[in-house]
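*Asks:* return atomic coordinates for the entry below.
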Amino acid sequence: MLLKKEELPQVAHPMMNILHEEEVDIVNQLYDALKKGDIEKADEMFKVFLADIEDHFSTEEDMMRESRFFAYQMHKGEHDTMKQKIYQLYEDWKKNKNPEEVIKFLEEDFKPWLILHISRWDAETAMHVGDTI
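*Replies:* Residues are numbered from 1 along each chain as shown. Here you go, the predicted model:
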């Protein structure tokens, strides 16, 4: 397990908390498959993770646009940067199937980024969106 749900900061918008918890379930399944060396399961979960990232980020971005969130471009920029890293990692994964590379990324990049991103950007967004939708 990479991340316990209790480690996630909670924000003022229930839908955002649900998105984060669903993502943790998916990331943990990917992480566990990688740790076990189950390449087939990791392949499957990596694809699920990519779809989840798209859904998670686009849902938040739709909420920000609809509510005219003042920092939309900055928040979206963080999403775009992380998506780019994840897609590059996936391209490397398809070529090399190196579990250690993905494990290192999830532990050292994604997990700390997710916690900080939720604390900083999602918390602010949730308060704004909660007032307008």
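
*Asks:* would you mark the buried spots in stretch 78-96?
*Replies:* Residues of stretch 78-96 classed as buried by neighbour count (16 or more other Cβ atoms under 10 Å): 78-79, 82, 86, 89, 93. C-beta here means a position set from N, CA and C on the backbone, and glycine is covered the same way.

*Asks:* check stretch 60-70 too.
*Replies:* 60-61, 63-64, 67, 69.

*Asks:* ok, residues contacting that stretch?
*Replies:* Residues from elsewhere that reach stretch 60-70, judged by Cβ atoms under 8 Å, 6 or more residues apart in numbering: 13, 15-16, 19, 72, 75-76, 79, 122, 125, 128-129, 131-133.

*Asks:* pull the most distant pair out of the residues you listed.
*Replies:* Between any two of those, the greatest separation by Cβ to Cβ is 21.6 Å, found for His79 and Asp131.

*Asks:* if we can go back for a sec, go through the buried residues of stretch 78-96 and say which is closest to Ile53.
*Replies:* Distance to Ile53 across these (Cβ to Cβ) is lowest for Ile86, with 6.0 Å.

*Asks:* you'd agree that closest one is up against Ile53?
*Replies:* Yes - Ile86 is in contact with Ile53 according to Cβ atoms under 8 Å; the separation is 6.0 Å.

*Asks:* may I have stretch 31-45 as PDB, with CA atoms only?
*Replies:* Output in PDB follows, covering the C-alpha atoms of stretch 31-45 (Å, rounded to 0.1, in the frame of the first residue of the first chain):
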ATOM      1  CA  TYR A  31       1.500   0.000  -6.400                       C
ATOM      2  CA  ASP A  32       0.700  -3.400  -4.900                       C
ATOM      3  CA  ALA A  33       0.900  -5.100  -8.300                       C
ATOM      4  CA  LEU A  34       4.300  -3.500  -9.000                       C
ATOM      5  CA  LYS A  35       5.600  -4.500  -5.600                       C
ATOM      6  CA  LYS A  36       4.600  -8.100  -6.300                       C
ATOM      7  CA  GLY A  37       6.100  -8.000  -9.800                       C
ATOM      8  CA  ASP A  38       2.700  -8.800 -11.300                       C
ATOM      9  CA  ILE A  39       3.300  -7.200 -14.700                       C
ATOM     10  CA  GLU A  40       0.000  -8.100 -16.200                       C
ATOM     11  CA  LYS A  41      -2.000  -6.600 -13.300                       C
ATOM     12  CA  ALA A  42       0.300  -3.600 -13.300                       C
ATOM     13  CA  ASP A  43      -0.400  -3.100 -17.000                       C
ATOM     14  CA  GLU A  44      -4.100  -3.200 -16.300                       C
ATOM     15  CA  MET A  45      -4.000  -0.900 -13.300                       C
END
